[in-house]
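>>> starting from these lines, generate the structure:
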Amino acid sequence: MLQIISLLMENKAGALMRVTGLLTARGYNIDSLTVARTLDPGLSRMTIAVEIESHGRRQLIKQMNKLINVLQATDLTDGPSVTREMVLMRVRAAQEVRTAILKEAEIFGARIVDSTTDGFALEATGDIEKLDELINIMRTYGDIEVTRSGAVAVSLEAKKLRLSPPVLRSDVSISEEKNGVV
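Alright, predicted model coming up:
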């Protein structure tokens, strides 16, 4: 079953490699992976879609939470969340079917971002299944080229992650260190 995992992580070199290395070492193939900075330039949000049996999900989340640079790993598969993907598509079609392509694009909420004598370039955002359906329909009109962004997701749960700033060694007094306060 396709699982959606969200990770909040430090925006540092090697962080992506650690996460993908964990998945590779356990024999999981990544279906899609998206990463971008958050509002805090020191943090990134990673969304991973991966085929994992439901009995292995909890263990994988625990292992990801132990990785260096990972602040929080969350399984968004069953909880309240919104998952979307973007598709850019080039449809090459005969002049006779162009009106039908425009109608189908409108039904799916796709935008025409470029038009040439050969066809259209479309942009669509939505559920993964909805975009799969759009692609299948557009195949019937002519040759297509497809580029997908991969899944991006956000949790709708009310809980908020609370991060405390790291303690710098120069801020710690020797007495605090001896008393085990650190």
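
>>> any idea which helix or strand carries residue 84?
Secondary structure here is read from DSSP states H and E; on that basis residue 84 sits in strand 81-93.

>>> could you list which residues are in contact with residue 68?
The neighbours of residue 68, taking Cβ atoms under 8 Å, 6 or more residues apart in numbering as the test, are 15, 18. Yep, even glycine has a C-beta here, placed from its N, CA and C like the rest.

>>> so it: helix, strand or coil?
In three-state terms, and counting by DSSP: H, G, I helix; E, B strand; the rest coil, residue 68 is coil.

>>> again, but for the one 5 residues further on
Under three-state DSSP, residue 73 falls in the strand class.

>>> residues contacting it?
5-7, 61, 64-65, 67.

>>> so what pairs up with it in the strands?
Beta bridges link residue 73 to residue 7 when assigned by DSSP bridges.

>>> measure it to residue 5 for me?
Relative to residue 5, residue 73 is positioned 6 Å away (criterion: Cβ to Cβ, to the nearest Å).

>>> please apply the same query to residue 139.
Computed as Cβ to Cβ, the residue 139 to residue 5 distance reads 30 Å.

>>> show me which of those two is the more surrounded one.
For residue 139 versus residue 5, the count of surrounding residues by other Cβ atoms under 10 Å is larger for residue 5: 24 against 12.

>>> how about that one, nearest residue that isn't a chain neighbour?
With Cβ to Cβ, 6 or more residues apart in numbering as the criterion, residue 5 has its nearest non-adjacent residue at 4.6 Å, and that residue is residue 48.

>>> again with residue 86
The nearest residue in space to residue 86 (Cβ to Cβ, 6+ apart) is residue 149, at 4.1 Å.

>>> now do the same for the one you found: its pLDDT.
According to the model's per-residue confidence, residue 149 sits at a pLDDT of 94.

>>> one step back: the residue nearest to residue 5 sits in which helix or strand?
strand 43-51.

>>> residue 103 too?
Assigned by DSSP H and E, residue 103 falls within helix 98-107.

>>> just residue 143 next, same as before
strand 142-148.

>>> make a PyMOL selection of the buried ones in the contacts of residue 73.
Only the buried members of those enter the following PyMOL selection, criterion being 16 or more other Cβ atoms under 10 Å:
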select buried, resi 5+6+7+61+64+67
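
>>> ok, and for stretch 67-80, which residues are buried?
67, 69-70, 73-77.

>>> what's the burial count for the residue nearest to residue 5?
Other residues within reach of residue 48 by the criterion other Cβ under 10 Å amount to 26.

>>> ok, now residue 120?
Applying other Cβ under 10 Å, we find 22 residues neighbouring residue 120.

>>> for the helix or strand harbouring it, which positions count as buried?
Assigned by DSSP H and E, residue 120 belongs to strand 119-126. Along strand 119-126, the positions that meet the burial threshold by neighbour count (16+ other Cβ under 10 Å) are 119-120, 122, 124-126.
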